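A.B. asks: when you get a sec, could you give me coordinates for this:
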Amino acid sequence: MAISRREFIRTTGAALGAVAVPGLAEPLLAKSMPTRPFGKTGWRASLYAVGTAEIPENDEAVRALEALLDGGVNYIDTAPSYTGTRSEQVIGKVMVKRRKEVFLATKTLARDADGAYAEVRESLGRLQCKQIDLLQIHAVNDMGTLDAVLRKGGAIEGLEKARKEGLIRFIGITGHTRPEVILEAIRKFPFASVLIPISALDKHISDFNDEVVPEANRRGIAIAGMKSLKGIERATGGKFEPEDYVRYAMSQRISTLTIGLRRGSEVSTNLAIARNFSPMTVSEMRSLEAASKGKADVGHLWWKRR
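C.D. replies: Sure thing, here's the model as predicted:
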């Protein structure tokens with residue numbers, strides 16, 4: 001008797017155990033990780049990128065990152081503000097051995113040139129590498145902040161200095177709240193990438209998919225999606241099917257989707273979803289959006305609060 005995609009993914013994930021190890025289970029190896037061009041950077045990013053805002057500081061986290069790389073993930077997103085620099089420190093333990101396998105992205109909350117440049121230096125130390133692929137100006141959620149980072153003496157100036165010195169390769173920007181701010185940002189500066197919320201819930205409140213995604217694609221700017229699960233997890237207390245919401249986000253015109261890593265037990269399920277990904281039909285997407293509409297409010301989508 002044939003089994004459904006969802007049941008196959010569930011049983012595949014279970015077969016891999018709490019934390020996958022080198023030599024992944026045979027069912028998972030049957031399919032490789034899908035990749036997409038990451039803008040004009042020349043990198044083909046794994047469809048599943050690991051986000052590390054809540055990564056624990058223990059040996060399990062290191063093993064989980066190793067398992068993700070073994071499973072085909074080649075994009076890691078972090079920030080010095082995540083868990084009091086813990087995220088970068090944990091990633092550094094893996095980068096010592098496997099830096100060449102990964103497109104490494106981190107961020108700065110500094111708005112001035114000196115602060116941004118200094119933060120790059122500090123991140124390099126924690127990540128234990130000589131160069132960061134992508135340095136993103138983080139949480140640019142209003143026009144005042146955008147003006148501050150772009151003006152003379154602003155963060156962009158410090159990151160341009162770091163790029164000229166070979167400390168970073170590309171400059172990106174992240175935004176959570178106002179699509180119009182990120183739209184203005186990519187019109188004013190040639191950012192290599194944007195990191196923005198993409199989910200069936202975000203669709204109903206200031207959706208970045210409406211204008212930012214088409215404009216970024218038109219300009220050849222890489223698009224990393226985030227928070228595909230966060231809102232629905234909060235709205236349902238964790239009682240939902242992750243595959244539906246991950247597939248929805250991955251079906252958009254994005255380059256990669258960051259999925260957070262909080263515990264080793266999440267690795268196998270997320271790898272199975274990504275490696276067995278098939279795009280949602282338009283009707284499937286509209287159906288999930290409709291089912292999610294009642295849960296879309298700024299209480300669940302806290303990043304949309306203005």
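
A.B. asks: now do the contacts for the residue nearest to Pro34 when sequence neighbours are not counted.
C.D. replies: The shortest distance from Pro34 to any non-neighbouring residue, by CB to CB, 6 or more residues apart in numbering, is to Leu47 (4.3 Å). In this view, the C-beta of every residue, glycine as well, is placed from N, C-alpha and C. Residues in contact with Leu47 (CB atoms under 8 Å, 6 or more residues apart in numbering) are Met33, Pro34, Thr35, Arg36, Met250, Thr256, Leu257, Ala274, Phe277.

A.B. asks: and for stretch 141-157, what are the contacting residues?
C.D. replies: For stretch 141-157, contacts defined as CB under 8 Å, 6+ apart pick out 108, 110-113, 115-116, 137, 139-140, 171, 175-178, 181, 184-185, 188-189.

A.B. asks: so which of those belong to helices?
C.D. replies: Secondary structure from DSSP state H places Ala113, Gly115, Ala116, Val181, Glu184, Ala185, Lys188 of the contacts of stretch 141-157 in helices.

A.B. asks: mind listing what the last one touches?
C.D. replies: Applying CB under 8 Å, 6+ apart, we find Lys188 in contact with Leu146, Leu150.

A.B. asks: next one, pLDDT for it please.
C.D. replies: pLDDT, Lys188: 98.

A.B. asks: returning to that earlier point: save the contacts of Leu47 as a markdown table, and put in neighbour count and distance to Leu127 too.
C.D. replies: Formatted as a markdown table, those follow (neighbours: other CB atoms under 10 Å; distance: CB to CB, whole Å):
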| residue | neighbour count | distance to Leu127 |
| --- | --- | --- |
| Met33 | 18 | 23 |
| Pro34 | 18 | 26 |
| Thr35 | 17 | 23 |
| Arg36 | 18 | 24 |
| Met250 | 24 | 27 |
| Thr256 | 31 | 19 |
| Leu257 | 31 | 22 |
| Ala274 | 26 | 24 |
| Phe277 | 21 | 29 |
